[in-house]
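1. Quick one: sequence plus predicted model below, questions after.
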Amino acid sequence: MTPVGLQHYLVVSVLLFCLGLLGVMVRRNLLVIYMSLELMLNAANLALVAFSRFNNSLDGQIIVFFVITVAASEVAVGLALIVALYRRRHTTHVEDVAALKD
């Protein structure tokens, strides 16, 4: 059995990032786009942790800790905006974001 190396982690990270990018580009629902953005962020975190582990350094893991902290506040603000849009227009489609200007 082959040991799991850095390239395996990076391949998974790239696949997750591409899946998230595809979700952002193809979908029209704000909630699905938001989940796809979080998937892309987690793919970057996976790459940082993999580099950190294989370089025997904690720098990448410390950066990931701060990224997760910022992502938690991003979730609160983003979901509040999505809820505000839904309450006002009863939809979560991207085309209706401009409706918040009214």
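-> Arrived safely, thanks for sending. Residues are numbered from 1 along each chain as shown.

2. What's the first helix or strand after the host helix or strand of residue 9?
-> For residue 9, the host element (DSSP states H and E) is helix 6-26. Moving toward the C-terminus from helix 6-26, the next helix or strand (DSSP H and E) is helix 30-54.

3. List of residues touching that next one?
-> Helix 30-54 has contacts (Cβ atoms under 8 Å, 6 or more residues apart in numbering) with 5-6, 9-10, 12-17, 19-24, 27, 58-61, 63-64, 67-68, 71, 75, 78-79, 82, 85, 92-94, 97. Yep, even glycine has a C-beta here, placed from its N, CA and C like the rest.

4. residues in contact with stretch 86-95?
-> With contact meaning Cβ under 8 Å, 6+ apart, stretch 86-95 is reached by 28-31, 33, 82, 85, 96, 99-100.

5. List buried residues within these.
-> 30, 33, 82, 85, 96 (16 or more other Cβ atoms under 10 Å).

6. okay, who's weakest in those by pLDDT?
-> Note: of the buried ones among the contacts of stretch 86-95, the lowest pLDDT belongs to residue 96, at 71.

7. ok, it - contacts?
-> Neighbouring residues of residue 96 by Cβ under 8 Å, 6+ apart: 85, 89.

8. Report the central residue of the chain.
-> The centroid of the chain falls nearest to residue 38 when counting by Cα atoms, centre = their mean (1.8 Å).

9. what's the distance between it and residue 75?
-> To residue 75, residue 38 is 8 Å away according to Cβ to Cβ, to the nearest Å.

10. what sits against residue 71?
-> Residue 71 neighbours (Cβ under 8 Å, 6+ apart): 38, 41.

11. 6 Å - rerun?
-> Residues near residue 71 by Cβ atoms under 6 Å, 6 or more residues apart in numbering: residue 41.

12. before we move on, what about residue 6?
-> Contact partners of residue 6, counting by Cβ under 6 Å, 6+ apart, are 50, 54.

13. Repeat the analysis, applying 10 Å as the threshold.
-> Applying Cβ atoms under 10 Å, 6 or more residues apart in numbering, we find residue 6 in contact with 47, 50-51, 53-55.
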